[in-house]
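**Student:** Predicted coordinates and the sequence they were generated for:
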Amino acid sequence: MSVIDGSNLIVGRAASVIAQRLIKGERIDIINAEKMVFTGTKENLLEKYKTRRELSEKGNPHKGPKYSRMPDRIVKRAVRGMVPWKKAQGKIAFKNFRAHIGIPEEFEKAKTEKIESAINKKQKGFLTVEQLSKNLGATW
């Protein structure tokens, strides 16, 4: 079982590495999922996610697609997009993944790791998942 600290990690880059490790059979937990970042301008990212939230099915609006506002679920959805979700192998792999807001008690003393290839080196031009979810109306 691996515990990954999500602070200052780019969501898409981290999700692709995590998906590869999940497919190999590893169990992964991300802590501080709200501190992960999306690169790009704030306006474009907010517009993209607000239009996603407003989408509804043409026939029955209760069926989806449904996009969450919570930061842990936004990260979870990004990882789900990287695994082969429609195959049995992908569903089994995705069950071994958890994203957490903050640091839960069970992981306070656990040794955490960082994904070196996903660290955000930009000084500006990014938006944290926490800021995005608060702009979408999430409270936790």
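**Tutor:** Looks like it came in fine. Residues are numbered from 1 along each chain as shown.
**Student:** which SSE is the one residue sitting closest to the centre of the chain in?
**Tutor:** By CA atoms, centre = their mean, the chain has its centre lying nearest to residue 75, at 0.9 Å. If you go by DSSP states H and E, residue 75 is part of helix 71-80.
**Student:** Contacts for that helix, please.
**Tutor:** 6, 11-12, 15, 18-19, 22, 30, 33-34, 36, 67-68, 94, 97, 99-101, 129-130, 132-133, 138, 140 (CB atoms under 8 Å, 6 or more residues apart in numbering). All C-beta atoms are positioned from the backbone trio N, CA, C, and that covers glycine.
**Student:** Same question for stretch 94-112.
**Tutor:** Stretch 94-112 has contacts (CB under 8 Å, 6+ apart) with 3-6, 18, 22, 25-34, 70-73, 75-76, 79-80, 83, 85, 140.
**Student:** Buried subset of those residues, written for ChimeraX?
**Tutor:** Typed into ChimeraX, the next command selects the buried ones out of these (criterion: 16 or more other CB atoms under 10 Å):
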select :3,4,5,6,18,22,28,29,30,31,32,33,34,70,71,72,73,75,76,79,80,83
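**Student:** which residue ranges form the strands in this structure?
**Tutor:** For the chain, the strands defined by DSSP state E cover 2-5, 28-31, 37-39, 97-99, 126-128.
**Student:** What residues of stretch 132-140 count as buried?
**Tutor:** By neighbour count on 16+ other CB under 10 Å, the buried set for stretch 132-140 is 132-133, 136, 138.
**Student:** any residues touching that stretch, and which ones?
**Tutor:** Here stretch 132-140 has contacts from 34, 38, 45-46, 49-50, 53, 69-71, 74, 101, using CB under 8 Å, 6+ apart.
**Student:** Tell me the one of these nearest residue 117?
**Tutor:** When those are compared for distance to residue 117 (CB to CB), residue 38 wins out at 16.4 Å.
**Student:** First-to-last residue distance for stretch 115-132?
**Tutor:** Using CA to CA, to the nearest Å, the span of stretch 115-132 from its first residue to its last is 22 Å.
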